[in-house]
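Q: After the sequence you'll find the predicted model.
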Amino acid sequence: ADTKIYRASTTAPVNIAVIKYWGKRDPKLNLPTNSSLSVTLAQSDLRTHTTASCSSSYPSSDSLLLNGQDQDVSGARTQACFRELRSLRKQLEDQDSSLSKIADLPLKIVSENNFPTAAGLASSAAGFAALVRAIANLYELKQDETELSRIARQGSGSACRSLFGGYVGWNAGTQADGSDSMAYQVAPASHWPQMRALILVVSAAKKGVSSTTGMQTTVATSSLFPARANETVPRRMKEMEKAIQERDFETFGKVTMMDSNSFHATCLDTYPPIFYMNDVSRAAIKVVETINAAAGKTIAAYTFDAGPNAVIYYLEESEKEVVGLFKAAIGDKEGWTGTRGRAVEANIAAL
Ligand code: PMV
């Protein structure tokens, strides 16, 4: 019998949304209530490295190891990704009898994050994007990033955007089967290579309310939510795409901050309310406001996901003003710098 180990590796970076995905119109397929847009960080900064392998010599069930720890793969999200990828491999094997029959072999996935997983950063986006890409490589699938993004979306919504680099949109779509709900590249990173992200780890604790639960409660109870999903976000998606095309940081920054505020307002308007930001998060907002007031224009923009950690976008030319003031505020707290200074993480307990 063939006991060969088939193997493929890949990496996928973290993405941080500037127009947030919040709300599912179909929780099973991870279909969103609104489109979203993000910046994919550099591979050298925050990313997941994943090796997918399969062999008849493996134990009969699929397995996933993340940073050396066994993960549960029985969840519907992971199962959906495995099922879709296997079915595409089967199609190939049916078309070409010279291909090895590996679609039904047990899968072993080994993933490593190059950043602290416990830090509460958007790790599921990079995680599912790398998982899908690695298995697609292992199975030698012909599907492009757009089609793979449709599969990664079923693992974690935001993961569909990590299949692309640079500036990435996720079209909400209108189809009930999700066939038009996938990611697309707005512009490659090289279009606006001066963009930087400063990541401030306010708390390393796991988020209090999971994004799935939070979204469901917000959609069900927030009276602000319909206006955000149906009017505000569609308008801002257009403004944001235009700002990126024109490399207009002032608009990019302003819309980023307003969308973060809008998302967290619907969280506060959820019943019972959801608080993702804390006093340190609000102090980080104040620092950004001070920086922009001193510059007389928007040179720094904050955004917060489903947790208290701040991501500050700025342009390379403003590095001194932005990072300088944060460093002064943070003091000598522990931290690390991305290889190209593109992402800096500072562990801050207080500002
Ligand atoms: O992909 P999820 O289910 O982890 O949801 C991510 C939600 C936000 O990070 C808050 C926003 C976004 O668009 O990434």
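A: Received it, and whenever you're ready, just let me know what you need. Quantities reported herein were computed from a predicted structural model and do not represent experimental measurements. Residues are numbered from 1 along each chain as shown.
Q: On the three-state scheme, whatever residue of the stretch 151-300 of the chain ends up closest to the ligand is what?
A: The shortest separation between the stretch 151-300 of the chain and the ligand is 3.3 Å, found at Ser158 (distances taken as CB to the nearest ligand atom). Using the backbone N, CA and C atoms, a C-beta is placed for each residue, glycine as well. Assigned with DSSP: H, G, I helix; E, B strand; the rest coil, Ser158 falls in the helix class.
Q: cool, and Pro273?
A: Here Pro273 is recorded as coil under three-state DSSP.
Q: Quick check: pLDDT value at the residue nearest to it when sequence neighbours are not counted.
A: Using CB to CB, 6 or more residues apart in numbering and skipping residues adjacent in sequence, the residue nearest Pro273 is Cys267, 7.1 Å away. pLDDT recorded at Cys267 is 98.
Q: Same check on Phe115?
A: Per-residue confidence (pLDDT) for Phe115: 73.
Q: do you know how far Asp114 is from the ligand?
A: Rather than Asp, residue 114 is Asn. Distance of Asn114 to the ligand, given as CB to the nearest ligand atom, to the nearest Å: 19 Å.
Q: Isn't that residue up against Gln43?
A: No. Judged on CB atoms under 8 Å, Asn114 makes no contact with Gln43 at a distance of 9.3 Å.
Q: Tell me, how many residues neighbour Lys108?
A: 18 (other CB atoms under 10 Å).
Q: bridging residues for it?
A: Per DSSP bridges, the residues bridged to Lys108 are Ser53, Ser63.
Q: give the contact list for it.
A: 52-55, 58, 62-63, 65 (CB atoms under 8 Å, 6 or more residues apart in numbering).
Q: and stretch 225-241, which residues are buried?
A: Within stretch 225-241, the residues that count as buried by 16 or more other CB atoms under 10 Å are 225, 228-229, 232-233, 236-237, 239-241.
Q: which parts of the protein sit against the ligand?
A: 17, 20-22, 36, 122, 124-125, 156-158, 211, 305-306 (CB under 6 Å from any ligand atom).
Q: Tell me which of the residues you listed fall in helices.
A: Within those, residues falling in helices by DSSP state H are 124-125, 211.
Q: Most neighbours among those, which one?
A: In those, the most neighbours by other CB under 10 Å go to Ala125, 30 neighbours.
Q: And for it, nearest residue in space, chain neighbours not counted?
A: Ser158 (4.2 Å).
Q: one step back: will you turn the contacts of Lys108 into JSON lines that also has neighbour count and pLDDT?
A: Below are the contacts of Lys108 laid out as JSON lines (neighbours: other CB atoms under 10 Å; pLDDT from 0 to 100):
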{"residue": "Ala52", "neighbour count": "26", "pLDDT": "98"}
{"residue": "Ser53", "neighbour count": "20", "pLDDT": "98"}
{"residue": "Cys54", "neighbour count": "26", "pLDDT": "98"}
{"residue": "Ser55", "neighbour count": "16", "pLDDT": "98"}
{"residue": "Tyr58", "neighbour count": "16", "pLDDT": "97"}
{"residue": "Asp62", "neighbour count": "18", "pLDDT": "98"}
{"residue": "Ser63", "neighbour count": "15", "pLDDT": "98"}
{"residue": "Leu65", "neighbour count": "14", "pLDDT": "97"}
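Q: coming back round to it: got TSV for the ones in helices among the residues of the chain next to the ligand, with distance to Gln91 and pLDDT too?
A: Compiled in TSV, these are given as follows (distance: CB to CB, whole Å; pLDDT from 0 to 100):
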residue	distance to Gln91	pLDDT
Ser124	28	88
Ala125	27	93
Ser211	32	91
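Q: which of those lies closest to Thr10?
A: Ala125 (14.6 Å; CB to CB).
Q: So the closest one is in contact with Arg153, correct?
A: No. Ala125 is beyond contact range of Arg153, at 10.5 Å (criterion: CB under 8 Å).
Q: any shared contact partners between these two?
A: Joint contacts of Ala125 and Arg153 (CB under 8 Å, 6+ apart) are Ala159.
Q: Output the below-cut-off pLDDT ranges for this protein.
A: 116-122, 204-207, 331-351 (pLDDT under 70).
Q: Would you map the helices across it?
A: 76-95, 123-138, 145-155, 211-221, 225-227, 233-245, 249-268, 279-295, 319-330.
Q: Out of the ones you listed, the one nearest Gly166 is which?
A: Minimum separation from Gly166 across the helices of the chain (CB to CB) falls at helix 233-245, 9.0 Å.
Q: elements contacting that closest one?
A: strand 15-19, strand 36-40, strand 167-170, strand 183-187, helix 249-268 (3 or more CB pairs under 8 Å, 6 or more residues apart in numbering; DSSP states H and E).
Q: Please tabulate those in TSV, including the columns mean neighbour count and distance to Gln143.
A: Shown next, in TSV, are these (neighbours: other CB atoms under 10 Å; distance: least, CB to CB, whole Å):
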stretch	mean neighbour count	distance to Gln143
strand 15-19	26	20
strand 36-40	27	19
strand 167-170	25	17
strand 183-187	19	13
helix 249-268	21	31
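Q: For those, give me TSV that also has distance to Tyr314.
A: Shown next, in TSV, are the helices and strands packed on helix 233-245 (distance: least, CB to CB, whole Å):
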stretch	distance to Tyr314
strand 15-19	13
strand 36-40	12
strand 167-170	15
strand 183-187	18
helix 249-268	8
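Q: Identify the bridge partners of the closest residue to Gly253 other than its chain neighbours.
A: Nearest in space to Gly253, with sequence neighbours left out and distances taken as CB to CB, 6+ apart, is Ala301 at 3.4 Å. Here Ala301 sits in beta bridges with Tyr313, as judged by DSSP bridges.
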